[in-house]
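Asker: Following is a predicted model, sequence given first.
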Amino acid sequence: MKITRVTSHVLQYDLERELGYSQQYYARRTAHLVEVQTDEGLTGWGECFGPGNVALANKAIVEKVIQPMIIGCDPVDRDAIWHNVYNLLRDHGQKGMPMQALSGVDIALWDLTGKIAGLPLCKLVGGRHRDRLPVYGYGMMLRREGVDAHVARFREEAAAIRDAGFVATKMKVGLGAANDIRLAEAVRLGVGDDFPFMVDANHCYMASDALYVGRALDELNAYWFEEPVAPEDLDGYRELRSKLKTNVSGGEAEFTRWGWRHLLEGRCLDIAQPEVCALGGVSEYLKVLSLAHAHFVPVVNHVWGSAIAVATNLHLLAAMPPVPGGLNPREPMLEFDTTDNRFRDELLVEPMNIQGQVQKSGGYASVPEGPGLGVEPDRDFIERYETVQ
Ligand code: CA
């Protein structure tokens, strides 16, 4: 079988309400799907991380740079393809957009390989350790409103996410260290004493401010403190990790085994959050997972994007071995964005309905059953939302 065509589909729609995190507000939802076609009629789907105009630039990398490198290759040779593309791109970007672009292509090759073998992705990468995943719901995004309005809304939203059945919740911060502590206190009040909550800073602090906020999170018994400092600040990560009781997590902005090596060897993280749609795809994710587990660092995948990204992560989380193992190991959770996302809820011919599954099962989502990713996007839906460029 030979690869005949690689196509990017960048989908966008205007959100009814802006969503904000510590770096910016965004008014449009974007998804970047990659479709790999073959001479035998089979098609694989993948997804690239990267919003807005980044997705448009990544589309050019997928179609104009990577496509010519892999036309005519056997899609099953995914590791050979990965290394060939990486070697050709190495001098032009070992992190960032070239890796995001390669990720979407690699995921599509794994989907194709699963379809060729008649096996779901979780079986291809080693088999299922579990059939369903506990799901945590993140929400509590920033808006252009005052601190008091944030405090009141975060308390309500946290309680609503708990009541929707999720096993834990995650909030944004970014209003300044002292205000952010008020937000975290509101979330603790909203969910009650026993429900786990996490705090995502999207690297908005210097280490000293992060330590100040982190000490308050210790008091509030937060589960993890995500991306407290800039991804380049490994010393800051190490310092926070040694001084805080709260778990320090991060890694969504890190790429490939070579980038992750420094985070892990540096003992920077209590919890690793690799993003499969950015760090290099499934092929590279498996290497990063092994590296994390070799350092006895638990992994909770970063998940963002469409139903393709969610399905990919459900398979990878199902196939993740427990570390260090035992009768009652700590289970990985699926990250789930509770804000408006048609690309996750309406993209598929048969939607996964994660929210419905969570509500019904008390917090769990099951792994798609079919070969490859086990999901099929609706072409009419793609056409409706595709940004013509
Ligand atoms: Ca995050």
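Answerer: It's in.
Asker: what is the mean pLDDT for stretch 87-100?
Answerer: For stretch 87-100, mean pLDDT is 97.
Asker: Give the buried residues for that stretch.
Answerer: Leu89, Lys95, Met97, Pro98, Met99, Gln100 (16 or more other Cβ atoms under 10 Å). C-beta: built from backbone N, CA, C; applies to glycine.
Asker: Ok, stretch 281-295 next?
Answerer: By 16+ other Cβ under 10 Å, the buried positions in stretch 281-295 come out as 281-289, 291-293, 295.
Asker: now these as JSON lines including pLDDT and secondary structure?
Answerer: Compiled in JSON lines, the buried residues of stretch 281-295 are given as follows (pLDDT from 0 to 100; DSSP: H, G, I helix; E, B strand; the rest coil):
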{"residue": "Gly281", "pLDDT": "98", "secondary structure": "helix"}
{"residue": "Val282", "pLDDT": "99", "secondary structure": "helix"}
{"residue": "Ser283", "pLDDT": "98", "secondary structure": "helix"}
{"residue": "Glu284", "pLDDT": "98", "secondary structure": "helix"}
{"residue": "Tyr285", "pLDDT": "98", "secondary structure": "helix"}
{"residue": "Leu286", "pLDDT": "98", "secondary structure": "helix"}
{"residue": "Lys287", "pLDDT": "98", "secondary structure": "helix"}
{"residue": "Val288", "pLDDT": "98", "secondary structure": "helix"}
{"residue": "Leu289", "pLDDT": "98", "secondary structure": "helix"}
{"residue": "Leu291", "pLDDT": "98", "secondary structure": "helix"}
{"residue": "Ala292", "pLDDT": "98", "secondary structure": "helix"}
{"residue": "His293", "pLDDT": "97", "secondary structure": "helix"}
{"residue": "His295", "pLDDT": "98", "secondary structure": "coil"}
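Asker: pretty sure Gly50 is touching Gln100, no?
Answerer: Yes. At 4.8 Å, Gly50 counts as touching Gln100 under the criterion of Cβ atoms under 8 Å.
Asker: Need the residues touching each of these two.
Answerer: Both Gly50 and Gln100 are contacted by Asn58, Ala278, under the criterion Cβ atoms under 8 Å, 6 or more residues apart in numbering.
Asker: residues in contact with the closest residue to Glu185 other than its chain neighbours?
Answerer: Excluding the flanking residues, the one nearest Glu185 by Cβ to Cβ, 6 or more residues apart in numbering is Leu220, at 6.6 Å. Leu220 is in contact with Ala184, Glu185, Arg188, counting by Cβ under 8 Å, 6+ apart.
Asker: tell me which element the second one falls in.
Answerer: Just to be clear, that refers to Glu185. Using DSSP states H and E, Glu185 sits in helix 177-191.
Asker: Put the alpha carbons of the helix or strand that that helix is followed by into PDB.
Answerer: Per DSSP H and E, the first helix or strand lying C-terminal to helix 177-191 is strand 197-200. C-alpha atoms of strand 197-200 as PDB (Å, rounded to 0.1, in the frame of the first residue of the first chain):
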ATOM      1  CA  PHE A 197      -9.100  20.200  41.800                       C
ATOM      2  CA  MET A 198      -6.100  21.300  39.700                       C
ATOM      3  CA  VAL A 199      -4.800  24.700  38.800                       C
ATOM      4  CA  ASP A 200      -3.400  25.600  35.300                       C
END
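Asker: so can I have a markdown table of the buried residues of stretch 87-100 showing secondary structure and distance to Glu376?
Answerer: Listed next are the buried residues of stretch 87-100 as a markdown table, based on DSSP: H, G, I helix; E, B strand; the rest coil; distance: Cβ to Cβ, whole Å:
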| residue | secondary structure | distance to Glu376 |
| --- | --- | --- |
| Leu89 | helix | 30 |
| Lys95 | coil | 32 |
| Met97 | helix | 27 |
| Pro98 | helix | 28 |
| Met99 | helix | 26 |
| Gln100 | helix | 23 |
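Asker: now, among the residues you listed, which is nearest to Cys268?
Answerer: Lys95 (16.3 Å; Cβ to Cβ).
Asker: The closest one reaches Trp258, doesn't it?
Answerer: No. Lys95 lies out of contact with Trp258 (Cβ under 8 Å); the separation is 9.2 Å.
Asker: Could you list every helix and strand that the strand ranked longest in the chain packs against?
Answerer: In the chain, taking DSSP state E as the definition, the longest strand is strand 3-20. Counting contacts by 3 or more Cβ pairs under 8 Å, 6 or more residues apart in numbering; DSSP states H and E, strand 3-20 is packed against strand 25-38, helix 52-60, helix 67-70, helix 97-117, helix 379-385.
Asker: again, only this time at 7 Å
Answerer: Applying 3 or more Cβ pairs under 7 Å, 6 or more residues apart in numbering; DSSP states H and E, one finds that strand 3-20 makes contact with strand 25-38, helix 52-60, helix 67-70, helix 379-385.
Asker: how about the residue nearest to Gly192 when sequence neighbours are not counted, secondary structure?
Answerer: Nearest residue to Gly192, sequence neighbours excluded (Cβ to Cβ, 6+ apart): Arg162, at 7.6 Å. Following DSSP: H, G, I helix; E, B strand; the rest coil, Arg162 is assigned to helix.
Asker: same deal with the one 4 residues further on?
Answerer: In terms of secondary structure, Phe166 is coil; the call rests on three-state DSSP.
Asker: and the gap between the residue lying closest to it once chain neighbours are set aside and Arg153?
Answerer: Closest residue in space to Phe166, ignoring its immediate chain neighbours: Gly137 at 3.6 Å, by Cβ to Cβ, 6+ apart. According to Cβ to Cβ, to the nearest Å, Gly137 and Arg153 sit 15 Å apart.
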